[in-house]
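Q: Would you be able to build a 3D model of this:
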Amino acid sequence: MGRARAHIDLPAQVSAAEALWYDTSRWASFVDGFHHVEKLEGDWPRPGARLVWDSVPDGRGRVIERVLHYEVRAGQAVEVEDARITGRQSVTFTPRSASECRLTLELEYRIKDANVLTPLLDTFFVRRQFTDALQRTLSRFRHELRAEMDTPVAGPRR
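A: The predicted structure is shown next:
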């Protein structure tokens, strides 16, 4: 089984990062390769919820995520499957200070159509592609979170 992992430090409390991360209507702005939600069943991000989404052209195709574990202010684990892999993806939120947190994203995966060359290909190509995709997601997420935090909240009209 392969594993890809990335993390990023964010200038926000866990609650702010978590609110944006679990808002699937915002995923197109930061999830690498995400195009649109096809179907959402259950109470996302809670256990048992199922999300079906489609990637951009030439991406992963249809992706199915089913929530296995969720803990408020801590993280979530989902079972993930697309045409090429099955696995488990986890997101973890860790407070760093009163106004900062670390977001860690990890994907443990199994390539469906494995052969004798799969371990070699995974080591030199597949794992790197997944790690790069996770890092792009986190970088975009930080940008989106900062933009959200910089947006002034409308006050009452006078």
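Q: what's the weakest-modelled helix or strand in this structure?
A: Here the helix or strand of the chain ranked lowest by mean pLDDT, DSSP states H and E is helix 118-121, holding a mean of 79.
Q: and that helix, how far from the chain's centre?
A: 25 Å (CA atoms, centre = their mean, to the nearest Å).
Q: On the three-state scheme, residue 66 is what?
A: Counting by DSSP: H, G, I helix; E, B strand; the rest coil, the backbone at residue 66 sits in strand.
Q: Which pLDDT value belongs to it?
A: Residue 66 is assigned 98 on the pLDDT scale.
Q: before we move on, what about residue 144?
A: Looking at residue 144, its pLDDT reads 96.
Q: same deal with the one 10 residues further on?
A: According to the predicted model, the pLDDT of residue 154 comes to 56.
Q: Provide a list of residue ranges in the chain with pLDDT below threshold.
A: Where the chain drops to pLDDT under 70, the residues are 152-158.
Q: same thing but at 90, please
A: 1, 58, 113-126, 148-158 (pLDDT under 90).
Q: just the strands in it please.
A: Assigned by DSSP state E, the chain shows strands spanning 2-10, 34-41, 50-55, 62-71, 75-81, 85-97, 100-111.
Q: Parallel or antiparallel, list what pairs with the shortest one.
A: Applying DSSP bridges to the sheet, strand 50-55 is found paired with strand 34-41 (antiparallel), strand 62-71 (antiparallel).
Q: Show me what counts as buried in the least confident helix or strand of the chain.
A: By 16 or more other CB atoms under 10 Å, helix 118-121 has no buried positions at all. Quick note: C-beta positions are derived from backbone N, CA and C, even for glycine.
Q: Please put the alpha-carbon coordinates of that helix into CSV.
A: Extracted in CSV, the C-alpha atoms of helix 118-121 (Å, rounded to 0.1, in the frame of the first residue of the first chain):
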residue,chain,number,x,y,z
THR,A,118,3.6,-1.5,-9.7
PRO,A,119,5.9,-1.1,-6.7
LEU,A,120,8.6,0.5,-8.8
LEU,A,121,6.1,2.8,-10.6
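Q: quick one: contacts for residue 74?
A: The contact partners of residue 74, by CB atoms under 8 Å, 6 or more residues apart in numbering, come to 92, 93.
Q: Going forward, the N-terminal residue is numbered 276.
A: Sure, I'll start counting at 276 from here, so that last one is residue 349.
Q: If anything else comes up later, I'll come back, but that's it for now.
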